[in-house]
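Asker: Quick one, structure for this:
(chains A and B)
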Amino acid sequence: DAGVIQSPRHEVTEMGQEVTLRCKPISGHNSLFWYRQTMMRGLELLIYFNNNVPIDDSGMPEDRFSAKMPNASFSTLKIQPSEPRDSAVYFCASSWVTSGRRDIQYFGAGTRLSVL
Amino acid sequence: AQKVTQAQTEISVVEKEDVTLDCVYETRDTTYYLFWYKQPPSGELVFLIRRNSFDEQNEISGRYSWNFQKSTSSFNFTITASQVVDSAVYFCALSMNTGNQFYFGTGTSLTVIP
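Answerer: Numbering: from 1, shown residues only, chains lettered A, B, ... in the order given. Prediction:
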């Protein structure tokens, strides 16, 4: 299996522009997670999906952030409009989650976002 | 509330020394899972180990070993005979049996000096 695939690996954009980050989870996994990593706040969970349904988006910083999972093999995280404080590394992870079992979360390589 | 504490922010050791990374967790649940991840300079997060709360047996994998002690709510990670390639940030994480969240510690940055 190719693992969790994120694109792009690096994104440089100007303040006010729309940014879309993409993620392809591991085939067969039923849960997908978006994290943000910064020096100040460490790893933060933004949102997670189970069976393509958003379960908890309480970590999404504000309305400028939105995430979708139209099918089991694809998810997007969109920031519109972007701001310099959104600069961070964004990770996508996937896992197989069932009642009574917490499986390993496998992470993608991350997208390093710089908003100028 | 769930929480993971990695009190050591940065550690430097000389190659071939042993080093232990501390992880202390908090939870009231009786069923939970503990994890360690490695984040090398290239940036990806690599899974190292998972432990469930009912298995306190220590584990060894090559130069890596893990000491799980429920009595002190700790899940410490030891690298024996450290190598330069071990230089990375190491994260400890906690997951509950209900809900899908992982609770990550703030990470310990390990530098192994040749």
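Asker: List the single closest residue to the residue positioned nearest the centre of chain A in space, sequence neighbours excluded.
Answerer: Relative to the mean C-alpha position of chain A, the nearest C-alpha, by Cα atoms, centre = their mean, is the one of A:Trp34, at 2.8 Å. Among residues not flanking A:Trp34 along the chain, A:Leu46 sits closest, at 4.4 Å (Cβ to Cβ, 6 or more residues apart in numbering or on different chains). C-betas here are computed from N, CA, C, even on glycine.
Asker: OK, contacts around the one you found?
Answerer: A:Leu46 makes contacts with A:Trp34, A:Tyr35, A:Arg36, A:Asp57, A:Gly59, A:Met60, A:Pro61, A:Phe65, A:Ala67, A:Leu77, as judged by Cβ atoms under 8 Å, 6 or more residues apart in numbering or on different chains.
Asker: before we move on, what SS does it have?
Answerer: Classification of A:Leu46 using DSSP: H, G, I helix; E, B strand; the rest coil returns strand.
Asker: So it versus chain B, what's the distance?
Answerer: 12 Å (Cβ to the nearest Cβ, to the nearest Å).
Asker: Okay, buried residues for stretch A:25-39 please.
Answerer: By 16 or more other Cβ atoms under 10 Å in any protein chain shown, the buried positions in stretch A:25-39 come out as A:Pro25, A:Ile26, A:His29, A:Asn30, A:Ser31, A:Leu32, A:Phe33, A:Trp34, A:Tyr35, A:Arg36, A:Gln37.
Asker: Now it: average pLDDT?
Answerer: Mean pLDDT, computed over stretch A:25-39, is 94.
Asker: For the residue nearest to the centre of chain A, which residues are in contact?
Answerer: Taking Cβ under 8 Å, 6+ apart, one finds A:Cys23, A:Leu45, A:Leu46, A:Ile47, A:Tyr48, A:Ala67, A:Ser75, A:Leu77, A:Tyr90, A:Phe91, A:Cys92 in contact with A:Trp34.
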